[in-house]
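S.K.: from the sequence below, what's the structure:
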Amino acid sequence: MKNRQQGITNRNSGLCSFLGLNAADYTGDEAFEAAVTKMIADTATAVSAGNASAANNTGYSADKVEYKKTASEMAARLCSSCQVKFGMLGNKTLLQALNGNVTFYNSASDALCANRLNNVYGVMETNLVLITATYLTAAQLSTFLGLITTYTTQSGNTTSVNKNQKVLTAQFQTELNVTCADVEVLKLLVKTYKILNPIFYKGVMQACKVLSVAVRHTPLTIDVSIAGTGAPLKNASGSLTRSKEVQKSNNLGAMLFPTVSAGMSIAMIECEGYITGMIDVRIKRGKANSAAIALVAGVTTDEMKAENVARIEAFNVVEDAKRAAKAAKAKARKEAIAAKKKL
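M.R.: Numbers count the residues shown, from 1 in each chain. Here you go, the predicted model:
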């Protein structure tokens, strides 16, 4: 919801409340009563449209995206571990049959991703004894199969996620526009009370104003759940790159970072009994940002920890380079302006 939309929503709520509390001041005024009734009804419709827009397909394709991502991440981890063993054995055929890149699975179409996940599962299951429990356990393989099943049986498809968001958002704005038209009618009708009941008149006019919604911070909420079941995971600990905030997930699995810097960031989510998860988050300034992650039950190995550290270090290098380039560009622009003034 944009700041202006939030302001109108707040205005509508306050105006309807004021009109309800002061109904005695316009009782018997059929035209004003009809306008008030319409305003209240249209406000309720706008609220419903806003809720529908915020829901954004949750429970359908949006869930499938998370399942696909979770299965892909575990596939990449397990494949990387198994490739180490196959490399030690000198078995290039099996080594090349696996792929340790998350995007190889997650970026593919649903059908192709499912096929790739099942293929690498088949390779690992067939060669489980050869790989040994040091690099792949039967429990890990079983968990992986569960993630594949959950993903492939989930309704919808990942490419349709957010496809109806523009429609829902447009509908919400349309309903808000209707309430704005209602307000203009009320402002015209209430002029009758400018002399007859100046207190009521001033109250209505004041309630019709849309107050600005100040943006004081950029919040981020991360919903943490258990992979496969979707159940909320509480007491998970989360941190962001270039941020001193460390937050915990509540009983609903929600983890709130009240003030974060805009731009790209990596969130690291940890919880005892679960493999540490990491997700890329694009944080928009002044928006109510949200993200979701599902943790897989298991133990984070030293190799996984090293990979996480390497990923964060690589991310920081890229971000530092971007900032340096941006600063250099700003400096060059400033120098150019100064040189132009001297001419």
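
S.K.: neighbours around residue 264, how many?
M.R.: By other CB atoms under 10 Å, the residues close to residue 264 number 14. Glycine gets a C-beta too; all of them are placed from N, C-alpha and C.

S.K.: please read the previous query as pertaining to residue 318.
M.R.: 11.

S.K.: ok, residue 259 next?
M.R.: Other residues close to residue 259 by other CB under 10 Å number 11.

S.K.: for the one 3 residues further on, same thing?
M.R.: Neighbouring residues of residue 262 were enumerated by other CB under 10 Å; the total is 13.

S.K.: so it touches residue 243, yeah?
M.R.: No: the criterion here is CB atoms under 8 Å, and residue 262 misses it with residue 243 at 11.8 Å.

S.K.: show me the shaky parts of the stretch 101-250 of the chain.
M.R.: Across the stretch 101-250 of the chain, residues meeting the criterion (pLDDT under 70) sit at 155-157, 159-169, 212-218.

S.K.: kindly recompute the last result at 90.
M.R.: 101-104, 106-111, 150-174, 210-223, 227-232, 234-235, 241-250 (pLDDT under 90).

S.K.: now the strands for it?
M.R.: Taking DSSP state E, counting those that start in this stretch, the strands of the stretch 101-250 of the chain run over residues 220-226, 237-240, 246-248.

S.K.: distance to residue 89 for these - can I get that in JSON lines?
M.R.: JSON lines is the format used below for the strands of the stretch 101-250 of the chain (distance: least, CB to CB, whole Å):
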{"stretch": "strand 220-226", "distance to residue 89": "35"}
{"stretch": "strand 237-240", "distance to residue 89": "38"}
{"stretch": "strand 246-248", "distance to residue 89": "42"}
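
S.K.: pick the most deeply packed of these.
M.R.: strand 220-226 (a mean of 21; mean count of other CB atoms under 10 Å).

S.K.: can I get stretch 67-79 in CSV, CA atoms only?
M.R.: Coordinates of each C-alpha in stretch 67-79 appear next as CSV, following Å, rounded to 0.1, in the frame of the first residue of the first chain:
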residue,chain,number,x,y,z
TYR,A,67,8.7,-25.0,-1.9
LYS,A,68,10.6,-24.8,-5.2
LYS,A,69,13.3,-22.6,-3.7
THR,A,70,13.7,-24.8,-0.6
ALA,A,71,14.0,-28.0,-2.7
SER,A,72,16.5,-26.3,-5.1
GLU,A,73,18.7,-25.1,-2.2
MET,A,74,18.9,-28.5,-0.6
ALA,A,75,19.5,-30.1,-4.0
ALA,A,76,22.5,-27.7,-4.5
ARG,A,77,23.9,-28.4,-1.1
LEU,A,78,23.6,-32.2,-1.4
CYS,A,79,25.0,-32.2,-4.9
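
S.K.: list the buried residues of it.
M.R.: 67-79 (16 or more other CB atoms under 10 Å).

S.K.: who touches stretch 27-34?
M.R.: By CB atoms under 8 Å, 6 or more residues apart in numbering, the surrounding residues in contact with stretch 27-34 are 26, 186, 189-190, 192.

S.K.: if we use 7 Å, what do you get?
M.R.: 26, 189 (CB atoms under 7 Å, 6 or more residues apart in numbering).

S.K.: switch to numbering from 45
M.R.: Right, with 45 as the first residue, what we last looked at is stretch 71-78.

S.K.: how about the contacts made by residue 169?
M.R.: So residue 169 contacts residue 185 (CB under 7 Å, 6+ apart).

S.K.: look up how far residue 193 lies from it.
M.R.: 14 Å (CB to CB, to the nearest Å).

S.K.: would you mind giving the domain segments of this protein?
M.R.: 47-100+206-251, 105-203, 264-344 (automatic domain parsing).

S.K.: what's the local residue count around residue 219?
M.R.: Neighbour tally, residue 219, other CB under 10 Å: 20.

S.K.: for residue 140, see how far away the residue nearest to it when sequence neighbours are not counted is.
M.R.: With CB to CB, 6 or more residues apart in numbering as the criterion, residue 219 has its nearest non-adjacent residue at 3.9 Å, and that residue is residue 90. Look at residue 90 and residue 140: by CB to CB, they are 57 Å apart.

S.K.: with neighbour numbers in mind, choose between these two.
M.R.: More crowded of residue 90 and residue 140, by other CB under 10 Å: residue 90, with 24 against 10.

S.K.: where's the more buried one relative to residue 233, distance?
M.R.: Distance from residue 90 to residue 233, by CB to CB: 20 Å.

S.K.: with residue 283 instead?
M.R.: In terms of CB to CB, residue 283 sits 55 Å off from residue 233.

S.K.: repeat for residue 320
M.R.: Distance from residue 320 to residue 233, by CB to CB: 61 Å.

S.K.: with residue 133 instead?
M.R.: 85 Å.

S.K.: tell me which of those two has more neighbours.
M.R.: Taking neighbours as other CB under 10 Å, residue 133 and residue 233 compare with residue 233 leading, 18 against 13.

S.K.: contacts only, for that one.
M.R.: 75-76, 79.

S.K.: list the ones among those residues that fall in helices.
M.R.: 75-76, 79 (DSSP state H).

S.K.: looking at those residues, which is nearest residue 154?
M.R.: Residue 154 lies nearest to residue 79 out of these, by CB to CB, at 50.5 Å.

S.K.: okay, the closest one: pLDDT?
M.R.: In the predicted model, residue 79 carries a pLDDT score of 95.
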